[in-house]
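K.L.:
This is a predicted model, with the sequence first.
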Amino acid sequence: MSGETELSKLLMSMEPVLREGMYVFCTVSEEAYEGFSFRPLGFFREREGMSVILSEEQAIQAGLPYESTWACISLTVHSSLSAVGFLAAISARLAQAGISVNAVSAFYHDHLFVAWASRESAMVVLKELSHSFNQEGGGR
């Protein structure tokens, strides 16, 4: 049940999917987090507080401030947590297009958060990257 580790296979089969809805990143205290009446998409405990990823609607309902809205693109290939270079290749290609990315790796898949306004452009870049590996036998 381990994921793929070969970079060319990952890039060829990443199949990006744009998830519905706008997401935001917020920070809250541990106590505030425990009091949520909803489940955020994700969270991480940092020294400064709990970083949470949640829908914009959840943030508004909870009265949480946020700076910007993000789209979530899930890469449907089952990537191994020990794969080398996958996110680096993706980040580099998005950077070339002037698109920032905040990546979250989970057990099965990687999820890319891009600025809401860049979501369609990011999808084009990702599909072109994958297509170039499919067409050229590994992107060479």
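P.N.:
That came through, no problem.
K.L.:
which SSE is the closest residue to Ala71 other than its chain neighbours in?
P.N.:
Leaving aside its sequence neighbours, Ala71 sits nearest to Arg119 (Cβ to Cβ, 6 or more residues apart in numbering; 3.6 Å). (Glycine included, C-beta is placed from N, CA and C.) Using DSSP states H and E, Arg119 falls within helix 119-135.
K.L.:
what is the rounded mean pLDDT of that helix?
P.N.:
Average pLDDT, helix 119-135: 91.
K.L.:
residues of it that come out buried?
P.N.:
When neighbours are counted by 16 or more other Cβ atoms under 10 Å, the buried residues of helix 119-135 are found to be 119, 122-123, 125-126, 129-130, 133.
K.L.:
so is Val92 in a helix, a strand, or just coil?
P.N.:
Quick fix: residue 92 is Ala, not Val. helix (DSSP: H, G, I helix; E, B strand; the rest coil).
K.L.:
And it, how far from Ala62?
P.N.:
According to Cβ to Cβ, to the nearest Å, Ala92 stands 36 Å off from Ala62.
K.L.:
quick one, phi/psi of Met22?
P.N.:
phi -100, psi 140 (degrees, to the nearest 10).
K.L.:
do the one 5 residues further on as well
P.N.:
Recorded main-chain torsions at Thr27 are phi -130, psi 140, according to degrees, to the nearest 10.
K.L.:
Listing request: residues of this protein with sub-threshold pLDDT.
P.N.:
1, 134-140 (pLDDT under 70).
K.L.:
Can you tell me the centre-most residue of it?
P.N.:
Leu112 (1.8 Å; Cα atoms, centre = their mean).
K.L.:
tilt between the strand or helix carrying that residue and helix 119-135?
P.N.:
For Leu112, the element it lies in under DSSP H and E is strand 110-115. Angle between the axes of strand 110-115 and helix 119-135 is 140 degrees (criterion: axes from the mean of the first three to the mean of the last three Cα atoms, to 10 degrees).
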